[in-house]
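Below are the sequence and a predicted model; questions follow.
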Amino acid sequence: MLKKGGDWILGLGVRAAIYIRQSLALAATADQQEAVLRQTAAEKGWQVVAVHTDREIAGPGKQRPARLGYHALCHAVRSGKVDVVAVATVPAIGIMDDLRGFAGLLSASGVKLHVADDPEGGAALIAATGVLKSAERGERRERARAGQEKARREGRHIGRPRIADEIVEKVRAAVAAGGGIRPMARRFGIGPASVVRIVAGGQSSRSADGTQKLISFTE
């Protein structure tokens, strides 16, 4: 397969995965969907490397099926085993959360989406999902910044809780005496990473005169 101008030139050794879902909400049967998609692949010169099918139908009052075929398809996309995913219709992918997650996966993996009943819909779905995810990330960052600014104004600590100076001194002494990182972490009820930071001088303590000093393993 060749790549030109950032876009795959589909049809040149393209590996296609077909996804089929039989559902009460879809008029076409699984066999009908597969026939249409195989015909499309033949017309475009794609090599069908896998057909993933979910035939479970969730009716009213029934638990949503596990959709093993869909999860196998996602694994194939993540593993770089396919270049294009072909579906009969967008609703075959699933509910809105499925659409957003799947489109994001395809975008991140550089995999195309072909929708048989809307040939332009696949690219549009991936593009729209990318814009939406970018906006959501920006909104989360803004909320985080606002929360940090509020905490600073109120004088509250931001970040991991500070380890008491008494514990710091005990950890320092125990490690200097030959104690291991993990045993000391369990003994003092802190994480191994915290013990490492204390040993490396990342946690400060106070001297007898009250001034702050850095703890060093070699002190």
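Nice, I can see it. Given the structure is predicted, the values throughout are model-derived calculations rather than measurements. Numbers count the residues shown, from 1 in each chain.

helices or strands next to the one helix or strand Val195 maps to in the packing?
In this structure, Val195 is located in helix 192-200 according to DSSP states H and E. When contacts are defined as 3 or more C-beta pairs under 8 Å, 6 or more residues apart in numbering; DSSP states H and E, helix 192-200 sits against helix 165-176, helix 181-188. C-beta coordinates here come from the backbone N, C-alpha and C atoms, glycine included.

just checking, what packs against the longest one?
Same thing as helix 165-176. By 3+ C-beta pairs under 8 Å, 6+ apart, helix 165-176 packs against helix 181-188, helix 192-200, strand 204-206.

swap in the last one?
Using 3+ C-beta pairs under 8 Å, 6+ apart as the contact criterion, the secondary-structure elements in contact with helix 181-188 are helix 165-176, helix 192-200.

Now tabulate those in JSON lines and tack on distance to Lys81, mean pLDDT and mean neighbour count.
Below are the helices and strands packed on helix 181-188 laid out as JSON lines (distance: least, C-beta to C-beta, whole Å; pLDDT from 0 to 100; neighbours: other C-beta atoms under 10 Å):
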{"stretch": "helix 165-176", "distance to Lys81": "48", "mean pLDDT": "87", "mean neighbour count": "16"}
{"stretch": "helix 192-200", "distance to Lys81": "37", "mean pLDDT": "86", "mean neighbour count": "18"}
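
So for Gln39, which of these sits nearest?
With C-beta to C-beta as the measure, helix 192-200 is the member of the helices and strands packed on helix 181-188 nearest Gln39 (56.5 Å).

Taking helix 181-188 as reference, get the angle to that closest one.
With axes from the mean of the first three to the mean of the last three C-alpha atoms, to 10 degrees defining the directions, helix 192-200 sits at 100 degrees from helix 181-188.

Give me the angle between helix 192-200 and helix 165-176.
Using the same axes, to 10 degrees: helix 192-200 against helix 165-176 is 80 degrees.

With just CA atoms, put stretch 186-195 into CSV.
Provided in CSV are the C-alpha atoms of stretch 186-195 (Å, rounded to 0.1, in the frame of the first residue of the first chain):
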residue,chain,number,x,y,z
ARG,A,186,5.3,-1.0,53.9
ARG,A,187,6.7,-0.2,57.4
PHE,A,188,5.9,3.5,57.2
GLY,A,189,2.7,3.2,55.1
ILE,A,190,3.9,5.2,52.1
GLY,A,191,4.6,4.2,48.5
PRO,A,192,7.9,2.9,47.2
ALA,A,193,8.2,5.9,44.9
SER,A,194,7.9,8.2,48.0
VAL,A,195,10.8,6.3,49.6
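
So Gly180 versus Pro192, what's the distance?
9 Å (C-beta to C-beta, to the nearest Å).

ok, now Gly201?
17 Å.

Also Gln33?
52 Å.

Neighbours of Leu113, how many?
By the criterion of other C-beta atoms under 10 Å, Leu113 has 21 neighbours.

Can you name every helix or strand that the helix or strand that contains it contacts?
For Leu113, the element it lies in under DSSP H and E is strand 112-115. When contacts are defined as 3+ C-beta pairs under 8 Å, 6+ apart, strand 112-115 packs onto strand 84-87, helix 96-109, helix 121-153.

at 7 Å what do you get?
Other helices and strands packing on strand 112-115, by 3 or more C-beta pairs under 7 Å, 6 or more residues apart in numbering; DSSP states H and E, are strand 84-87, helix 121-153.
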